[in-house]
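Student: Structure for this input, please:
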Amino acid sequence: MAFKRVLIANRGEIALRILRTLRDMGIEAAIIHGREDRLSLPVRFADVAYANYKQNPLDTYLDIESVIHAAKEMGCDAVHPGYGFLAENATFVRRLKEEGITFIGPSAEVITLLGDKIEARAAMEAAGLPTAKGSSESISDAAVASALAEDIGYPVIIKAAAGGGGIGMQIVEKSDEFENALKLCQSRARSAFGDERVFVEKYIQGAQHIEFQVLGDGKKAIHFGERFCSIQRRHQKLVEEGPWLSDEERERIGALVCKGAESVGYKGLATFEFLRDADGDFYFLEVNPRVQVEHTVTELITGYNLVELGIRVAQGESLPLAQEDIVLRGHAIQCRLNAEDPRKFIPSPGRLWECHFPSGYGIRVDTHAYPGYEMPGCFDSLLAKLLVWGKDREDAVKRMRTALDETVITGVEHLIPLHRRIMDEEDFLQQNITIQYIDMHQELLG
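Tutor: A predicted model of the protein is given here:
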């Protein structure tokens with residue numbers, strides 16, 4: 001059954017991205033907003049907007065009952081969570097189901113499974129995905145953990161079972177560091193997630209971060225190829241591109257991720273993330289059960305609107321595509337233009353006095369910014385996603401240089417200078433990139 005009105009329970013560029021797709025599909029777009037976003041483009045362009053003012057701005061998008069109340073008040077038959085906020089909250093999904101409102105994404109049960117890193121690891125290992133050697137259950141005793149680490153071989157990494165975004169992760173190089181590292185991880189996990197469970201696995205040195213875009217309808221799944229996301233700061237991605245792998249690697253890992261998605265009855269968009277070591281071996285990292293910030297890279301190289309496909313599956317439609325329909329063409333690069341100090345990565349909120357984004361052949365900009373826009377300091381610092389497409393990687397890099405040079409943002413600090421330097425850096429050009437890229441190229445920070 002086709003949706004008539006969908007509530008976008010989000011803000012910023014992703015809210016605008018979803019809104020445009022709903023319009024294309026002939027579905028009315030409703031949105032909630034706080035004081036900080038009352039003049040934002042998604043709110044101005046929505047068919048209906050609901051002022052959900054809270055003392056804490058984050059609660060506008062995080063208070064489950066008030067979001068559901070807004071959806072009911074506006075007569076919405078579905079909710080699109082975008083990314084962040086309530087996108088991976090199983091309680092929210094259950095409450096929507098109780099109210100007869102469709103959640104555009106996977107079931108609460110699947111979100112719960114994949115949100116637990118230990119359970120997700122076990123499920124994907126059972127489906128045949130490669131995993132790093134490590135513990136199969138949570139560990140609280142330092143002696144037990146240290147013995148396991150000796151068996152695995154140092155260095156190891158301690159991770160929060162309920163973690164994300166690099167929170168609650170600690171690399172341990174030798175046994176006498178273990179007890180303090182374990183306590184620190186447990187404390188951070190308890191503070192951030194209300195869950196102090198941690199587990200241990202082999203730390204992959206010299207790793208590259210590679211992820212696969214998947215779409216499932218609850219029964220079958222297909223993949224749209226990979227994205228390369230190794231240029232990061234504090235485990236947050238800065239530059240994403242694709243494709244990256246050989247056809248043989250793509251076919252092999254792609255078949256595995258589809259099998260993994262099918263094994264849990266996945267419905268909607270998902271991203272399967274991996275680390276690849278210096279020998280080319282892959283190790284499953286996690287599944288992100290939502291649309292990703294960098295889904296746009298995949299859209300440019302496949303020609304498919306992933307947000308639309310996710311909505312269609314949520315409406316109850318079967319997969320409209322077969323795996324052989326997915327053909328990768330050319331190369332795409334995305335630079336995240338965050339409002340941050342390009343040296344220390346500290347958020348830089350403020351009013352945009354001048355704001356000009358590039359256009360032309362092979363260029364795409366996803367942004368909610370405009371001249372006069374007040375960039376709030378209480379939300380994520382992402383201001384725009386600048387993407388280019390080229391016939392190959394060299395062509396895409398040249399186009400990104402031109403696009404960055406044409407982009408003008410004044411009033412806040414931003415990452416354009418950093419991105420511009422990356423596009424000229426030799427290791428980047430030679431594809432000699434690992435997740436330590438920024439750490440190993442401090443000269444790029446200026």
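
Student: residue contacts, Gly362?
Tutor: Gly362 makes contacts with Val388, Trp389, Gly390, Ala396, Arg399, as judged by C-beta atoms under 8 Å, 6 or more residues apart in numbering. In this view, the C-beta of every residue, glycine as well, is placed from N, C-alpha and C.

Student: ok, now with 6 Å
Tutor: Gly362 sits next to Val388, Trp389, Arg399 when contact means C-beta atoms under 6 Å, 6 or more residues apart in numbering.

Student: Out of those residues, which is nearest to His414?
Tutor: His414 lies nearest to Val388 out of those, by C-beta to C-beta, at 17.5 Å.

Student: in which helix or strand would I find that closest one?
Tutor: Element membership for Val388, per DSSP states H and E: strand 382-390.

Student: again with Glu201
Tutor: Once you assign secondary structure using DSSP H and E, Glu201 falls within strand 198-202.

Student: And for Thr182, nearest residue in space, chain neighbours not counted?
Tutor: One correction, residue 182 is Leu, not Thr. Ala142 (5.1 Å; C-beta to C-beta, 6 or more residues apart in numbering).

Student: Could you double-check that that neighbour lies in contact with Asn180?
Tutor: No - counting by C-beta atoms under 6 Å, no contact exists between Ala142 and Asn180, whose distance comes to 9.0 Å.

Student: Give me the more crowded residue out of these two.
Tutor: When Ala142 and Asn180 are compared on other C-beta atoms under 10 Å, the one with more neighbours turns out to be Ala142, at 15 against 12.

Student: for the strand holding Val388, packing partners?
Tutor: If contacts are counted by 3 or more C-beta pairs under 6 Å, 6 or more residues apart in numbering; DSSP states H and E, strand 382-390 sits against strand 331-338, strand 363-367, helix 393-406.

Student: Need the winner for burial among the ones you listed.
Tutor: Neighbour counts averaged per stretch over those are highest for strand 331-338, at a mean of 25; criterion: mean count of other C-beta atoms under 10 Å.

Student: Show me how this protein divides into domains.
Tutor: Per automatic domain parsing, the structural domains of the chain span 5-104, 133-202, 208-445.

Student: can you tell me which residues contact Ala369?
Tutor: For Ala369, the contacting residues are Leu352, Cys355, Leu383, Ala384, taking C-beta under 6 Å, 6+ apart as the criterion.

Student: could you measure it against Ile31, distance?
Tutor: According to C-beta to C-beta, to the nearest Å, Ala369 and Ile31 sit 17 Å apart.

Student: what do you get for Lys344?
Tutor: Applying C-beta to C-beta, one obtains 33 Å for the distance of Lys344 from Ile31.

Student: Those two: which is more packed in?
Tutor: Under the criterion of other C-beta under 10 Å, the comparison of Lys344 against Ile31 puts Ile31 first, with 29 against 9.

Student: Report the mean confidence score over stretch 413-421.
Tutor: Per-residue pLDDT over stretch 413-421 has a mean of 97.

Student: what does it contact?
Tutor: Counting by C-beta under 6 Å, 6+ apart, the neighbours of stretch 413-421 from elsewhere in the structure are Cys335, Leu337, Asn338, Ala339, Glu340, Asp341, Pro342, Ser348, Leu404, Thr407, Leu444.

Student: Spatially nearest residue to Tyr437, not counting backbone neighbours?
Tutor: Ile231 (5.1 Å).

Student: Over to Phe428?
Tutor: Of all residues not flanking Phe428 in the chain, Ile422 sits nearest, at 5.4 Å (C-beta to C-beta, 6+ apart).

Student: element containing Phe224?
Tutor: Take DSSP H and E as the rule and Phe224 turns out to sit in strand 221-233.

Student: Give the rounded mean pLDDT of that strand.
Tutor: Summarised as a single mean, pLDDT over strand 221-233 is 97.

Student: Relative to it, what are the paired strands and their orientations?
Tutor: In the sheet containing strand 221-233, the strands it pairs with under DSSP bridges are strand 208-217 (antiparallel), strand 236-242 (antiparallel).

Student: tilt between that strand and strand 331-338?
Tutor: In terms of direction (axes from the mean of the first three to the mean of the last three C-alpha atoms, to 10 degrees), strand 221-233 departs from strand 331-338 by 50 degrees.

Student: Distance from the chain centre to strand 221-233, please.
Tutor: Distance of strand 221-233 from its chain centroid, counting by C-alpha atoms, centre = their mean, to the nearest Å, is 10 Å.

Student: Equivalent analysis for stretch 116-132, please.
Tutor: Between the mean C-alpha point of stretch 116-132 and the mean C-alpha point of its chain there is a distance of 19 Å (C-alpha atoms, centre = their mean).

Student: buried ones in it?
Tutor: Using 16 or more other C-beta atoms under 10 Å as the burial criterion, the residues of stretch 116-132 that qualify are Asp116, Lys117, Ile118, Ala120, Arg121, Ala123, Met124, Ala127, Leu129, Thr131, Ala132.

Student: residue boundaries of the strands in the stretch 51-200 of the chain?
Tutor: Defined through DSSP state E, counting those that start in this stretch, the strands belonging to the stretch 51-200 of the chain, from first to last, are 78-80, 102-103, 156-160, 169-172, 198-202.

Student: what's the most buried one of those?
Tutor: Compared across these, strand 78-80 shows the largest average neighbour count, a mean of 27 (mean count of other C-beta under 10 Å).

Student: Need the contact partners of that one.
Tutor: By C-beta under 6 Å, 6+ apart, the surrounding residues in contact with strand 78-80 are Phe3, Val6, Leu7, Ile8, Ala9, Ile18, Ala71, Leu96, Thr102, Phe103, Ile104.
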